[in-house]
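Asks: Fold the following for me, if possible:
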Amino acid sequence: MSEREARFAYRLETLIRLRSAERDAASAAAAQAAREVERRSRECDAIVHAIEGAEAELRALCASGESIAVDAQLRLQLYLRAERQRHRDKRHELGEATKVMDRLSTELQERSRDARALELHRERKRRAFDVDQQRASLNAADEQWLARKDKS
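Replies: As a prediction, this is how the structure comes out:
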């Protein structure tokens with residue numbers, strides 16, 4: 001590299017690194033939120049499956065004509081009531097986790113857009129710098145040629 005040639009330096013490089021780090025952090029948080037939503041969804045599904053299983057057993061017992069002790073019926077009804085309440089609670093938690101995931105996904109999109117805009121700006125500046133360098137190189141070559149022509 002000659003002394004006339006300058007090295008490309010982008011003033012906002014630190015900001016690009018910062019935005020990229022923010023994007024990476026937002027990506028990790030969004031992935032964690034998605035895993036949390038999936039976990040809570042599986043919990044809700046398991047509770048629903050348990051409730052449906054208990055209700056199916058109760059219907060089968062009633063259909064077969066077997067008598068069930070009153071205290072057993074009460075325990076089963078209390079269990080079903082508690083499981084339905086637990087399911088409502090878990091659905092609420094799932095809804096909250098989904099809201100968090102949506103918020104983090106939106107934040108990730110914003111961070112990605114910001115980082116990409118800066119990267120595109122850097123690329124445009126790099127292309128403009130390269131064009132200027134080529135132009136300066138051609139001008140220097142023209143000046144050398146004219147200087148040789150004048151000497152002869």
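Asks: how about the helices in this structure?
Replies: Assigned by DSSP state H, the helices in the chain fall at 13-64, 70-151.
Asks: Counting by contacts, list what the first one packs against.
Replies: To tie it back to what came earlier, the one meant is helix 13-64. helix 70-151 (3 or more CB pairs under 8 Å, 6 or more residues apart in numbering; DSSP states H and E). In short, each C-beta sits where N, CA and C put it, glycine included.
Asks: Could you list every helix and strand that the helix it packs on packs against?
Replies: helix 13-64.
Asks: Give me the distance from the helix it packs on to the chain's centre.
Replies: 15 Å (CA atoms, centre = their mean, to the nearest Å).
Asks: what mean pLDDT would you report for that helix?
Replies: On average, the pLDDT along helix 13-64 is 94.
Asks: Equivalent analysis for stretch 108-120, please.
Replies: 95.
Asks: quick one: buried residues of it?
Replies: 108, 111-112, 114-115, 118 (16 or more other CB atoms under 10 Å).
Asks: do the same with stretch 30-45
Replies: Neighbour-count burial for stretch 30-45 [16+ other CB under 10 Å]: 30, 33, 36-37, 40, 43-44.
Asks: on that earlier part again, any chance of CSV for the buried residues of stretch 108-120, columns distance to F8?
Replies: Listed next are the buried residues of stretch 108-120 as CSV, based on distance: CB to CB, whole Å:
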residue, distance to F8
L108, 30
R111, 25
S112, 25
D114, 22
A115, 19
L118, 15
